[in-house]
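Colleague: have a look at this fold, sequence not included:
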Ligand SMILES: [Zn+2]
């Protein structure tokens, strides 16, 4: 996202729209951009610096670390804020700042937590109290008895 200093009036500029996914360069089998990023930012110039605040949203497809299935996740940056000194060029590219904040808000260990995610459900059961575990064990024994 590039802004030209001449586009920014003294009272600031409000920008809202969509921009090509800024984290497309980090795409792997485990992370993929779905569509473009939506942004809602206020930009201004003060004291020889350009600042921007607002919010960002980017939908991505991630791979669940538990069951390895892919799921859709919305990366949200509710309080995006950046400031950069102005020196020289009149056109400033905000993309590196947007990219960094999106990357910081990616879950480090993505989990799908979906209903019917068999592996995730099994993991939850394993994490359940001992009582529940014993009941599962007994019901397995009961099934064996029935077979005999
Ligand atoms: Zn899962």
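Modeller: Cool, the structure landed. Keep in mind that what you see is a predicted model, and the values were worked out from it rather than measured.

Colleague: where does the residue nearest to the spatial centre of the chain fall, phi/psi-wise?
Modeller: The centroid of the chain falls nearest to residue 75 when counting by CA atoms, centre = their mean (2.5 Å). Backbone torsions of residue 75, given as degrees, to the nearest 10, read phi -80, psi 120.

Colleague: same question, the one 5 residues further on
Modeller: In terms of degrees, to the nearest 10, the main-chain angles of residue 80 are phi -70, psi 140.

Colleague: that older thread, bridging residues for the residue nearest to the centre of the chain?
Modeller: residue 58 (DSSP bridges).

Colleague: ok now the host helix or strand of residue 73, how far from the chain's centre?
Modeller: Using DSSP states H and E, residue 73 sits within strand 70-85. Its chain's C-alpha centre and that of strand 70-85 lie 7 Å apart, by CA atoms, centre = their mean, to the nearest Å.

Colleague: helix or strand right after that strand?
Modeller: According to DSSP H and E, the helix or strand after strand 70-85 is strand 91-93.

Colleague: now do the SS call for residue 9.
Modeller: Using DSSP: H, G, I helix; E, B strand; the rest coil, the structure places residue 9 in coil.
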